[in-house]
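Undergrad: fold the following, please.
(one chain, ligands or ions: 1)
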Amino acid sequence: MPQTGQQTDQQPNVLFIISHDFGPRIGCFGDTQAVTPNIDRLAQQNSLRFERHFAQWPLCGPSRANLWTGCRPPTTQRYDNTSFFPEFRARMGPDFATLPEHFRRHGYASAGIWHLLHGFERDDSSWDEPCWHPSLPTPEIPDFVPRNQLDHFYWWVSDEAFALVKERMGRWQAQGHPLNEPRRYRGPAVEAPDVPDNAYVEGQATEQAINWLNHYDGQKPFFLGVGYEIGHLPFCAPKKYWDLYNRDHLSIPGAADQPPGSPDWVRGDKEPAQYYWQHSYDKVWHPTFEQQKELLHGHYAAMSYWDAQIGRLIEALEQNGLRDNTVIVITTDHGFTDGQHGYVGKHNMWEDALHVPLLIHLPGYQPPQPATERLSEHVDLYPTLCELCGLPVPAFVEGSSLAPLFDDPQRPWKEAVFSWRRPMYHDLNKGYHQARGLRTERYRLTVYQNEPGDALHIELFDHQHDPLESVNLALDPAKADLVANLRAKLDAGWRAALPQKKL
Ligand SMILES: [Ca+2]
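TA: Numbers count the residues shown, from 1 in each chain. Next up, the predicted model:
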């Protein structure tokens, strides 16, 4: 275990902060456009940044299943956002526990606030009290939204947004349709009202977490999970966070189109379409350059809004005298493609959909260097937090504790991390059954395969020379040996790529 420098008899608390759909668009992760002072400050204080941290699946529900169970997709078998935890518990038996539940079983107080497992998903065994969810409708939601669809409309707070909802809803009804497809009459893709943080559910979640910390009695160490929806479309944030950026000066990162030679189906659905136009996922839609810029601006505004919430949580730790004995984890469920490859969304297997930030703050920790470039992945968080807090790691966990990297961020580590994807029900063009991917420190290999397992298409990118993934080396016959070597690693799987023993 890393030396925290402030060992006490009490096990450390854990503040686990997660949001949606953000890659590492954060200053301390090297993003020169981002305004993220609170995360950047924490990164300079007893923290280690994981610069090559990846999700197992570029979608909310499956990725969160990996994170909270420590199990990989072939084990969780969660491929979409439908119900998961009751079925998984029944399959795994009584020894299974989610990460917060495992802490509960080992003497921790466990509390969950807002968007942790997925959306309004409940898993009451994980927490001492049921996870806090906002009560709907919020006062800002007008009464014309159908009651059974409120969870599609709480994102917006402005009159303008609800006027658009009403207009779209009226048009949909006038065409003879029943009001049973909320994706057809959603509000705008972005919103920038001049309101305080707590006008949104996200700020209210922060307030709830602060209240919890203010009333914490200190009898047990705690595991407090605070999950935000910030980062997920639509990009709604108070105006002051939009004003931190000049849209004209923002540059869209990455290659402008999909890799030459790849079929169109390597891109999944067009996620923002349902907010820009009154069709759902059933027509081809490509963002214009102006829409890409608007969405990128919105995503940065959302990131700064999230950063401000993190600042409020850290301040509450300090005011309650908890800062010196609390491990703080900051991460997201998966990444997002913000215009790279001419695509906006997460439904693909490219680097930006899978690359996520991970920052771990350990009280008193003196990092040999501020960041590690070694590979890590979401299933590693479960065993990492167990080791950092002195808990045993359950046998079902399929990740590796990252604790040794705190002592030596450059030590030999995993050869590869792994990811998967299956097309969503709303992908217009379902060209494959499953994609399996592998990322080494240098390469990303993805094999798109049919149901029997035959390869339909392969992508290979060399991140040392092509970080934008603009040239698919798998199409180059001269790279056949390299492709074969990496496919063999992919087929050998994660057990063959575990961290090397230190010499
Ligand atoms: Ca998500």
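Undergrad: tell me the confidence at Asp143?
TA: Per-residue pLDDT puts Asp143 at 62.
Undergrad: again, but for Thr138
TA: pLDDT, Thr138: 52.
Undergrad: tell me who's in contact with the residue in the stretch 301-450 of the chain that the ion sits nearest to.
TA: Of all residues in the stretch 301-450 of the chain, the one sitting closest to the ion is Asp333 (4.2 Å; Cβ to the ion). Heads up, the C-betas are built off the backbone N, CA and C, glycines and all. Asp333 makes contact with 18-21, 55, 60, 63-64, 67, 356, according to Cβ atoms under 8 Å, 6 or more residues apart in numbering.
Undergrad: looking at those, which is nearest Gln340?
TA: Proximity of those to Gln340 (Cβ to Cβ) peaks at Asp21, which lies at 14.1 Å.
Undergrad: how close does the closest one sit to the ion?
TA: Asp21 is 4 Å from the ion, where distance means Cβ to the ion, to the nearest Å.
Undergrad: contact partners for that residue?
TA: Neighbouring residues of Asp21 by Cβ under 8 Å, 6+ apart: 60, 231-233, 332-336, 346.
Undergrad: how does it look with 7 Å?
TA: 231-232, 332, 334, 336, 346 (Cβ atoms under 7 Å, 6 or more residues apart in numbering).
Undergrad: which of the residues you listed sits closest to Leu150?
TA: The nearest member of the contacts of Asp21 to Leu150, counting by Cβ to Cβ, is His232 at 16.7 Å.
Undergrad: what about the closest one, which SS state?
TA: Secondary structure, DSSP: H, G, I helix; E, B strand; the rest coil: His232 is coil.
Undergrad: so it touches Phe22, yeah?
TA: No - the pair His232 / Phe22 is not scored as a contact, 9.2 Å apart, by Cβ atoms under 7 Å.
Undergrad: which residue of the two possesses the greater neighbour count?
TA: More crowded of His232 and Phe22, by other Cβ atoms under 10 Å: Phe22, with 27 against 22.
Undergrad: that one against Phe336, yeah?
TA: Yes - with contact defined as Cβ under 7 Å, Phe22 counts as touching Phe336 (6.3 Å).
Undergrad: for the ion, what is the nearest residue in the stretch 101-250 of the chain?
TA: Closest residue of the stretch 101-250 of the chain to the ion, Cβ to the ion: His232 (5.7 Å).
Undergrad: which residues does that residue contact?
TA: Neighbour list for His232: 20-21 [criterion: Cβ under 7 Å, 6+ apart].
Undergrad: what's the answer for the one 10 residues further on, then?
TA: For Trp242, the set of contacting residues under the criterion of Cβ under 7 Å, 6+ apart consists of 192, 297, 301.
Undergrad: pipe the residues you listed into TSV and attach secondary structure, pLDDT and distance to the ion per row.
TA: Shown next, in TSV, are the contacts of Trp242 (DSSP: H, G, I helix; E, B strand; the rest coil; pLDDT from 0 to 100; distance: Cβ to the ion, whole Å):
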residue	secondary structure	pLDDT	distance to the ion
Ala192	coil	98	22
His297	helix	98	20
Ala301	helix	98	18
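Undergrad: low-confidence regions, the stretch 101-250 of the chain specifically.
TA: For the stretch 101-250 of the chain, applying pLDDT under 70 flags the ranges 136-144, 147.
Undergrad: let's go with 50 and repeat that
TA: Low-confidence segments of the stretch 101-250 of the chain (pLDDT under 50): 139.
Undergrad: helices of that one, start to end?
TA: Taking DSSP state H, counting those that start in this stretch, the helices of the stretch 101-250 of the chain run over residues 159-174, 201-214, 239-242.
Undergrad: show me what the second one is packed against.
TA: Helices and strands in packing contact with helix 201-214 are listed as strand 109-114, strand 222-227, helix 289-319; criterion 3 or more Cβ pairs under 7 Å, 6 or more residues apart in numbering; DSSP states H and E.
Undergrad: of these, which stretch is the most buried?
TA: Comparing those by mean neighbour count (mean count of other Cβ atoms under 10 Å), strand 222-227 ranks first with a mean of 25.
Undergrad: what residues does that strand touch?
TA: Applying Cβ under 7 Å, 6+ apart, the contact partners of strand 222-227 are 13-18, 100, 103, 108-116, 205, 209, 212, 216, 313.
Undergrad: neighbouring strands - and their directions - for it?
TA: The pairing partners recorded for strand 222-227 under DSSP bridges are strand 13-19 (parallel), strand 109-114 (parallel).
Undergrad: can you list those strands in JSON lines and add distance to the ion?
TA: Below are these laid out as JSON lines (distance: least, Cβ to the ion, whole Å):
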{"stretch": "strand 13-19", "distance to the ion": "8"}
{"stretch": "strand 109-114", "distance to the ion": "13"}
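Undergrad: what number of residues lie near the residue of the chain at minimum distance from the ion?
TA: Nearest residue of the chain to the ion, counting by Cβ to the ion: Cys60, 3.4 Å away. Around Cys60 there are 23 other residues, counting by other Cβ under 10 Å.
Undergrad: end-to-end on stretch 415-425?
TA: Start and end residues of stretch 415-425 are separated by 33 Å (Cα to Cα, to the nearest Å).
Undergrad: is it anywhere near the ion?
TA: No - shown here: stretch 415-425 not in contact with the ion (Cβ under 5 Å from the ion), separated by at least 12.6 Å.
Undergrad: average pLDDT for that stretch?
TA: 96.
Undergrad: then stretch 455-474?
TA: 97.
Undergrad: I'd guessed Gly364 sits against Asn46; true?
TA: Yes - here Gly364 reaches Asn46: they are 6.1 Å apart, a contact under Cβ under 7 Å.
Undergrad: which one's more surrounded, those two?
TA: Shown here are Gly364 and Asn46; by other Cβ under 10 Å, Asn46 has more neighbours (20 against 15).
Undergrad: name the nearest residue to the residue nearest in space to the middle of the chain, ignoring sequence neighbours.
TA: For the chain, the residue sitting closest to the mean C-alpha position, by Cα atoms, centre = their mean, is Asp333 at 1.8 Å. Nearest non-adjacent residue to Asp333, counting by Cβ to Cβ, 6 or more residues apart in numbering: Ser63, 4.6 Å away.
Undergrad: for that neighbour, give me phi and psi.
TA: The phi/psi pair for Ser63 (degrees, to the nearest 10) reads phi -70, psi -40.
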